[in-house]
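Novice: Structure, please.
(chains A, B, C and D)
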Number of protein chains: 2
Amino acid sequence: MSVWDRPAPPNPPVPLDRGQIIAAAIALADEGGLAAVSVRKVAARLNAGPMRLYGYISTKDQLFDLMVDEVYAEILPGERPGDWREALRGLAHRTRQAALRHEWLADLLGGRPALGPNGLAVTEATLAALDGLADVDTVMRAVETVSAYFTGAIRREVADLRAERATGLSKREWQRASGPHVTKMLATGRFPALSRAVHDGTEVAAEVSFATGLDWVLDAVAARLTRPAG
Amino acid sequence: MSVWDRPAPPNPPVPLDRGQIIAAAIALADEGGLAAVSVRKVAARLNAGPMRLYGYISTKDQLFDLMVDEVYAEILPGERPGDWREALRGLAHRTRQAALRHEWLADLLGGRPALGPNGLAVTEATLAALDGLADVDTVMRAVETVSAYFTGAIRREVADLRAERATGLSKREWQRASGPHVTKMLATGRFPALSRAVHDGTEVAAEVSFATGLDWVLDAVAARLTRPAG
DNA sequence: TCTCATGGCGATACACCGTATAGCTCCCCT
DNA sequence: AGGGGAGCTATACGGTGTATCGCCATGAGA
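Specialist: Okay, the predicted model is just below:
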């Protein structure tokens, strides 16, 4: 019996490794959000059966961790930053940019400690940039505070962005156009300060608002880093 | 044929309303985390078929929104706060306490705009406490910055707490005891600053770290609220 | 009092999910 | 040439959210 008589194996199965799995998962998430990532779909994109992935991955949550760590590679600082402030500001902005490229990152940010190699490398680089400016505990507090700020800010920004996209209205347009539920709420008069804020507030670009809050927080940190141990 | 001869309907079906559904869902989440909340399980807890809930709720995500708004009721300030700083500090601490009572809140915080009645009421109270201290835009920026901080800080705290619980080790014990993966990473010598931080850092109570960072951020806000429009 | 409409409820069903298990097939080493 | 082991696949289980539909009980109208 020649090779021609016997049918070729249905899948000429390409070797496959963790990296391809992570890349496929990220592609799916970029296209359709985290909800579009399923073990079956990732496998399908690699011409593999679902169970094949479990040779490289132990659980779906672990796949999420790996995806996050992969993105942390994009967040790593390119060159050595000028000073600590530039280091922290850069970290914040690079994280934000990564989350705008991969919106699903906002769903995962801060949800689990970032202990992958790239996550650790980012932390290392950040701590190194603040090294010696104050005692270890103060430095830790500084990094944690700034991280907490930009994590929270990024999450809110992405949440608002999705809401706008879903309703087709910007936050500012709400009150006028239709904001079916919120408008009615504001009209009840039970939220005067909020109404005034929505009415009189200037609509400011998300990046500006992000950068402004960040500068405030950095100022606060500066006050503790220069003085020895406030 | 008397009433006694005819068997009672198997489920004496209690009327049921949104509040009971939300309460049941929260109870499930408190016990087993967000993952333990399924439409079927919530319904079962109310002696109802799954489809019954869809008369009161349109989607599972909406149920999550309702759960969050219910918890915002616990976050509402009890009495009128002394000054703006007390208002913001109180808000932050009450949110944190709520998240410690309902850990699943950390998974949802900042994930979607809080537009329910209680969420709006919290925002209203907060804005009211800052009213007139600066122009509307500065006040908005202040509230957003503080909210971003405590949202991010709470998420991280809960994430760490779960990690500790899962490994049975505190963050400090990692390096010594076994931290299967992280210890090896630190041992590679590729993360000197991080290693030093882990080694030399003082283990500080989560609440203290939370409060410290919060005070820093509040100081930063104070600098903009007292000066008119920095 | 009898009849009919209606609206809420339940059962059923569908498509999909994560993953445990077990068997098969192919390759390498002896 | 034969045996062992590794890696892949098929199957299966117990769950998920929710669309659809048919029933029954109730209240209204005659």
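
Novice: what about the longest helix in chain A?
Specialist: helix A:136-167 (DSSP state H).

Novice: Buried residues, that helix. List them.
Specialist: A:136-159, A:162-164, A:167 (16 or more other CB atoms under 10 Å in any protein chain shown). C-beta coordinates here come from the backbone N, C-alpha and C atoms, glycine included.

Novice: Verify the contact between residue A:73 and residue A:116 for me.
Specialist: No. Using CB atoms under 8 Å, residue A:73 and residue A:116 do not qualify as a contacting pair, with a distance of 9.4 Å.

Novice: Between those two, tell me which one has more neighbours.
Specialist: Ranked by neighbour count (other CB atoms under 10 Å in any protein chain shown), residue A:73 and residue A:116 place residue A:116 first, with 20 against 14.

Novice: wait, doesn't the more buried one sit right on residue A:64?
Specialist: No. In this structure, residue A:116 is not within contact of residue A:64 by CB under 8 Å, at 11.1 Å.

Novice: Now tell me which helix or strand of chain A has the poorest mean pLDDT.
Specialist: helix A:173-177 (a mean of 54; mean pLDDT, DSSP states H and E).

Novice: Would the following helix or strand past that helix count as contacting chain B?
Specialist: Scanning forward in sequence from helix A:173-177 by DSSP states H and E, the next helix or strand is helix A:182-187. Yes. Counting by CB under 8 Å from any CB of the partner chain, contacts between helix A:182-187 and chain B involve A:182, A:185.

Novice: Flag every buried residue along helix A:182-187.
Specialist: Applying 16+ other CB under 10 Å to helix A:182-187 flags A:182, A:185-186 as buried.

Novice: ok, the residues you listed vs residue A:205, which is closest?
Specialist: residue A:182 (21.7 Å; CB to CB).

Novice: From DNA strand C, how far off is the closest one?
Specialist: 26 Å (CB to the nearest atom of the strand, to the nearest Å).

Novice: just checking, that residue touches residue B:115?
Specialist: Yes. Between residue A:182 and residue B:115 there is a contact at 5.6 Å, judged by CB under 8 Å.

Novice: What is the longest helix of chain A packed up against?
Specialist: helix A:84-101, helix A:104-108, helix A:117-130, helix A:206-226, helix B:136-167, helix B:192-200, helix B:206-226 (3 or more CB pairs under 8 Å, 6 or more residues apart in numbering or on different chains; DSSP states H and E).

Novice: Tell me where the model's unsure across chain A.
Specialist: A:1-13, A:169-180, A:227-230 (pLDDT under 70).

Novice: can I see the domain layout of it?
Specialist: By the record's domain assignment, chain A is partitioned as A:9-58, A:61-226 (automatic domain parsing).

Novice: Need those domains in JSON lines (columns: distance to residue B:226).
Specialist: Below are the domains of chain A laid out as JSON lines (distance: least, CB to CB, whole Å):
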{"stretch": "domain A:9-58", "distance to residue B:226": "43"}
{"stretch": "domain A:61-226", "distance to residue B:226": "13"}
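
Novice: Quick check: which of these is nearest to residue B:107?
Specialist: Nearest of the domains of chain A (CB to CB): domain A:61-226, 6.8 Å.
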